[in-house]
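[1] Requesting a structural model of the entry that follows:
(one chain, ligands or ions: 1)
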Amino acid sequence: MEAASDPTSSSSAVPIDGKNLAFQVRRTVARRVAEGKRRVRLDAVLAGEDKGADIYAHNQRKTCAAVGIEYHLHRLPASASIEEVEDQVRALNEDDDVTAIMVHLPLPEGVEAERVQSLIDEAKDVEGVNPANIGNIVYGRRSLVPCTALASVEMIESTGIELRGKRCVIVGASNIVGKPIAVLLMRAEATVISTNKYTEDLGSLTRTADVLVSAAGVAGLITRDMVKPGAVVVDVGINRVLGANGKRRTVGDVAFEEVAEVAGHLSPVPGGVGPMTVAMLLRNTVEAAGV
Ligand code: NAD
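    Reported below is the predicted structural model:
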């Protein structure tokens with residue numbers, strides 16, 4: 001009984017439950033698909049033999065089926081040239097039955113991802129990887145925003161925090177994760193600080209953050225002393241580390257146990273941004289189909 005009332009004995013942060021939020025998004029997506037006047041389909045291009053991409057495509061087929069989205073996978077051999085991959089994307093762009101397109105990474109040696117991504121019709125680009133869609137974020141269009149960035153911001157908003165005027169620190173500044181998150185938060189009129197691996201004394205900045213998002217890909221980067229008490233903390237990182245039992249496990253960038261003792265809200269890994277990212281892809285897919 002005493003242990004339960006001891007403030008130092010248990011974590012205080014409210015979990016930001018990505019699985020539950022994702023479930024709600026999927027339910028709305030399924031309803032939109034069912035009530036929509038047109039078929040919704042997602043066409044994915046997978047070039048090469050990458051095992052991770054194979055698993056991702058397999059899961060994607062199941063996830064799409066569960067909400068009524070048709071899924072078509074277009075496989076190309078590992079020997080595919082950039083022209084062949086581009087021709088495949090062009091064919092999907094031109095096919096009026098195709099409402100959504102994504103290209104699995106990694107692409108084969110010599111096939112430059114950015115070149116392929118910029119070819120995807122921006123109205124069908126449900127991962128939001130075409131530079132045009134990344135640029136659209138600046139103007140406040142939220143539909144085809146990169147899925148992980150959208151997932152992160154929806155998770156922050158799910159806590160009920162009023163972002164206007166709040167201080168947000170984003171750790172990591174890649175083109176499809178850190179930077180779009182920063183821009184979305186700027187759109188919400190927050191005060192945004194973008195940091196990267198060259199940032200000096202990261203802790204002096206993160207400690208001032210009402211909202212802290214870590215998307216660096218460095219296990220254990222965010223420790224308790226770097227977090228302002230009560231802050232909303234979203235962990236985007238996915239890192240594979242060796243556990244005490246000698247088995248590999250997935251962790252984020254945030255030292256979860258200790259940060260949970262000071263943060264107000266904290267997203268776990270796994271079960272946080274990951275499932276919400278998948279849900280955002282589905283939502284972008286129905287948006288692209290206009291249903
Ligand atoms: P990236 O390697 O392209 O970019 C990493 C960014 O973090 C860079 O801007 C780099 O300067 C910065 N960084 C690295 N070390 C740092 C440090 N010590 N301090 C401050 N900044 C540092 O990675 P990415 O594609 O943006 O992905 C970031 C992380 O998010 C990875 O762990 C990735 O696996 C994960 N991710 C998760 C999802 C998801 O669905 N949950 C989706 C995409 C990426």
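[2] Report the separation between the residue nearest in space to the middle of the chain and residue 65.
    The centroid of the chain falls nearest to residue 148 when counting by CA atoms, centre = their mean (1.5 Å). Applying CB to CB, to the nearest Å, the value for residue 148 to residue 65 is 23 Å. Glycine gets a C-beta too; all of them are placed from N, C-alpha and C.
[3] ok, the spatially closest residue to residue 275 that is not a sequence neighbour - contacts?
    Leaving aside its chain neighbours, residue 275 sits nearest to residue 22 (4.0 Å; criterion: CB to CB, 6 or more residues apart in numbering). Contact analysis of residue 22 by CB atoms under 8 Å, 6 or more residues apart in numbering lists 275, 276, 278, 279.
[4] And the pLDDT for residue 22?
    We have a pLDDT of 97 for residue 22.
[5] How about the strand or helix carrying it and the ligand, touching?
    Counting by DSSP states H and E, the element that carries residue 22 is helix 18-35. No - shown here: helix 18-35 not in contact with the ligand (CB under 6 Å from any ligand atom), separated by at least 8.6 Å.
[6] Out of the contacts of residue 22, list just those in strands.
    With DSSP state E as the criterion, strands contain none of these.
[7] what about the helices in the stretch 101-250 of the chain?
    According to DSSP state H, counting those that start in this stretch, the stretch 101-250 of the chain carries its helices in the segments 113-117, 131-136, 147-157, 178-187, 202-206.
[8] closest to residue 70 out of these?
    helix 147-157 (19.1 Å; CB to CB).
[9] buried stuff in that closest one?
    147, 148, 149, 150, 151, 152, 153, 154, 155, 156 (16 or more other CB atoms under 10 Å).
[10] Spell out which residues of the chain are next to the ligand.
    Counting by CB under 6 Å from any ligand atom, the chain sits next to the ligand at 148, 171-174, 177-178, 195-197, 199, 202, 215-218, 221, 236-239, 273-274, 277.
[11] ChimeraX command for the buried members of those residues?
    The buried residues among the residues of the chain next to the ligand can be selected in ChimeraX (16+ other CB under 10 Å) with this line:
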select :148,171,172,173,174,177,178,195,202,215,216,217,221,236,237,238,239,273,274,277
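[12] so where is this protein shaky, pLDDT-wise?
    Along the chain, the parts satisfying pLDDT under 70 run over 1-11, 142-143.
[13] coming back round to it: against which helices or strands is the helix or strand following the helix holding residue 22 packed?
    Later in the chain than helix 18-35, the nearest helix or strand by DSSP H and E is strand 41-47. In terms of contacts (3 or more CB pairs under 8 Å, 6 or more residues apart in numbering; DSSP states H and E), strand 41-47 is packed against helix 51-67, strand 70-76, helix 82-94, strand 100-103.
[14] now strand 41-47 and strand 70-76, what's the angle there?
    Angular relation of strand 41-47 and strand 70-76 on a 0 to 180 degree scale: 20 degrees, by axes from the mean of the first three to the mean of the last three CA atoms, to 10 degrees.
[15] and strand 41-47, which residues are buried?
    Going by 16+ other CB under 10 Å, strand 41-47 has these buried residues: 41, 42, 43, 44, 45, 46, 47.
[16] Surely residue 130 touches residue 116?
    No - Residue 130 is beyond contact range of residue 116, at 10.0 Å (criterion: CB atoms under 8 Å).
[17] between these two, what contacts are shared?
    By CB under 8 Å, 6+ apart, no residue touches both residue 130 and residue 116.
[18] what about the nearest residue to residue 42 once chain neighbours are set aside, neighbour count?
    Excluding the flanking residues, the one nearest residue 42 by CB to CB, 6+ apart is residue 100, at 4.4 Å. Counted with other CB atoms under 10 Å, residues neighbouring residue 100 total 30.
[19] OK, contacts around residue 100?
    Residue 100 neighbours (CB under 8 Å, 6+ apart): 40, 41, 42, 43, 124, 126, 284, 285, 288, 289.
[20] one more time with 6 Å, if that's ok
    For residue 100, the contact set (CB atoms under 6 Å, 6 or more residues apart in numbering) comprises 42, 124, 126, 285, 288.
[21] on that earlier part again, quick one: which of the contacts of residue 22 is the most crowded by neighbours?
    residue 276 (30 neighbours).
[22] How about it, nearest residue that isn't a chain neighbour?
    residue 151 (3.7 Å).
[23] Please tell me I have it right and residue 258 contacts residue 222.
    No - counting by CB atoms under 6 Å, residue 258 sits too far from residue 222 to count as a contact (9.5 Å).
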